[in-house]
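Colleague: generate a structure from the sequence data that follows.
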Amino acid sequence: AGAGAGTPSSLWPPSPAAGNGCGVGGGRQAWSPPAPTSALHAEVALHYHLNSAACMGQAAAVSAMLGRLQALATRLLPGSAISLYGSRAVGLALAGSDVDTVLVGACGPGAAAATPAAALTMLATELEAPDQAEWVVKVTRVLSARIPVLKLETAVGVAMDLTVEAGQHSGLVACALVRQTVSELPALPPLAIVLKAYLQELGLNDSFTGGVSSYALVTLLANFLRTAGAGQADLGDLLVAFLFSVASDYSARLLDFVLDPLSPAGGPAENVLHSAYRLSAVAQAFGAAAERLSGVPGEEEAAAGSGKSLPLLGRVLPMHKHAARLGLSQLSAETHEAVPAQDAHSPLPQGGAGGDDDGAQGAEEEGTPARISSEAQSVAEEEIEASPIPVAPATVAH
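Modeller: Model prediction:
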């Protein structure tokens, strides 16, 4: 997340638009979604709702882990509390993203631990004990980092990061900012989920390896939606326009510095993309994706030979992995009905595996996509029915 501190009243100040709108902020614009106007709009919305349903399926396990961690913190560090932040706290997690937690009240005057590293060491020792093996598989201590962290591998397959609120840790402040931004820009979550999945496919979603973090992506999206994207309603049009925007703004050197909205008032301005040293690869990939999504059907669609076009998102998200992660079979762009997994086609080269700054998403074996359970489908259908983001009627294979 961004460095420094900020207050909700100072977030996202309006500024003149430049380029295509990703690199600068802009005036606020309400977004009122009409009926879907493109097949890509429907696919983006459906992708978002099904990903949300998959995350909801993990909610009980995540809640149980947080409860166990809180019990340990209460016993070892009286007065401390575990708080959730990151993508899972704001509804922008991919199914399989790790759980970002922060220990509040563990350090400082009168606290149980003198430093974040000391607090995490106490917890790590307990988490490595045999009586915790029921849910903790492995504990990795990264205590020499600028922000010390414990990385937990759990028995349920969902990773967890534990940090301590102190010093430069701005996770909770960033979480409040993103939550406010999402409430103002309803188009942001579905677009962010698709873009995060695409960056993950290419291995460009981790700031530690030069990619674009989830927080930086949200910043770019918010800037775009408040400027060049203002007044547009179709999620498909917005997705393609944003992809083109990043590629264009990068070429015009408008992404050399993008203000981190959490830059301290009166202090030095922070660049939200300061660690994205592979931004050129991101811009190139986004430009290629925009062309694929907006171009005419290619040879891969013609080769399908079934009379049905492949899903448009399949041009940028290899559908065998996309489907497996969501627990679905493939979806037809025209009928939204399931099509056989063996018809999957990966038109873009796959990048490295791994998660974004919110955690790694486990890769599924090729050719074995899971199918969504009836319970998960029911949740997805309820989500779609209640959502302000319209989606065309869909049927999902059992």
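Colleague: got phi/psi on the closest residue to A222 other than its chain neighbours?
Modeller: Distances taken as CB to CB, 6 or more residues apart in numbering put T181 closest to A222, at 5.1 Å, once the chain neighbours are dropped. Heads up, the C-betas are built off the backbone N, CA and C, glycines and all. Main-chain torsions, T181, degrees, to the nearest 10: phi -60, psi -40.
Colleague: let's number from 33 now, not from 1
Modeller: Understood, numbering begins at 33; the last thing we discussed is T213.
Colleague: hang on, T213 packs against L249?
Modeller: No. Counting by CB atoms under 8 Å, T213 sits too far from L249 to count as a contact (11.8 Å).
Colleague: who's more crowded, the two?
Modeller: Counting neighbours by other CB atoms under 10 Å for T213 and for L249 shows that L249 has the greater number, 26 against 20.
Colleague: tell me which helix or strand that one sits in.
Modeller: If you go by DSSP states H and E, L249 is part of helix 246-258.
Colleague: avg pLDDT for the next helix or strand after that helix?
Modeller: Downstream of helix 246-258, the next assigned helix or strand under DSSP H and E is helix 267-283. For helix 267-283, the mean pLDDT works out to 94.
Colleague: helices or strands up against helix 267-283?
Modeller: On a contact count with 3 or more CB pairs under 8 Å, 6 or more residues apart in numbering; DSSP states H and E, helix 267-283 meets helix 71-88, helix 220-234, helix 246-258, helix 311-326.
Colleague: make it 6 Å
Modeller: Packing partners of helix 267-283 (3 or more CB pairs under 6 Å, 6 or more residues apart in numbering; DSSP states H and E): helix 71-88, helix 311-326.
Colleague: give the buried residues for it.
Modeller: 267-282 (16 or more other CB atoms under 10 Å).
Colleague: start to end distance for stretch 303-314?
Modeller: Length of stretch 303-314, first residue to last, CA to CA, to the nearest Å: 17 Å.
Colleague: what packs against the helix holding L249?
Modeller: helix 203-216, helix 220-234.
Colleague: now do 8 Å
Modeller: Here helix 246-258 touches helix 203-216, helix 220-234, helix 267-283, going by 3+ CB pairs under 8 Å, 6+ apart.
Colleague: in PDB, list the C-alpha atoms belonging to it.
Modeller: Taking Å, rounded to 0.1, in the frame of the first residue of the first chain, the C-alpha atoms of helix 246-258 are listed here in PDB:
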ATOM      1  CA  SER A 246      -3.500  -4.200  -6.300                       C
ATOM      2  CA  TYR A 247      -3.400  -0.800  -4.600                       C
ATOM      3  CA  ALA A 248      -1.700   0.800  -7.600                       C
ATOM      4  CA  LEU A 249      -4.100  -0.800 -10.000                       C
ATOM      5  CA  VAL A 250      -7.100   0.600  -8.000                       C
ATOM      6  CA  THR A 251      -5.500   4.000  -8.100                       C
ATOM      7  CA  LEU A 252      -5.100   3.900 -11.900                       C
ATOM      8  CA  LEU A 253      -8.600   2.600 -12.300                       C
ATOM      9  CA  ALA A 254     -10.100   5.300 -10.100                       C
ATOM     10  CA  ASN A 255      -8.200   8.000 -11.900                       C
ATOM     11  CA  PHE A 256      -9.500   6.700 -15.200                       C
ATOM     12  CA  LEU A 257     -13.100   6.300 -14.100                       C
ATOM     13  CA  ARG A 258     -13.200   9.900 -12.800                       C
END
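Colleague: average pLDDT for that helix?
Modeller: Confidence over helix 246-258 (mean pLDDT, whole number) is 95.
Colleague: what's the angle from that helix to helix 267-283?
Modeller: Angle of helix 246-258 versus helix 267-283, following axes from the mean of the first three to the mean of the last three CA atoms, to 10 degrees, is 110 degrees.
Colleague: mind putting the helices and strands packed on helix 246-258 into TSV with distance to I179?
Modeller: Listed next are these as TSV, based on distance: least, CB to CB, whole Å:
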stretch	distance to I179
helix 203-216	9
helix 220-234	22
helix 267-283	28
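Colleague: between those helices, which one is nearest to R120?
Modeller: Counting by CB to CB, R120 lies closest to helix 203-216 out of the helices and strands packed on helix 246-258; the figure is 10.0 Å.
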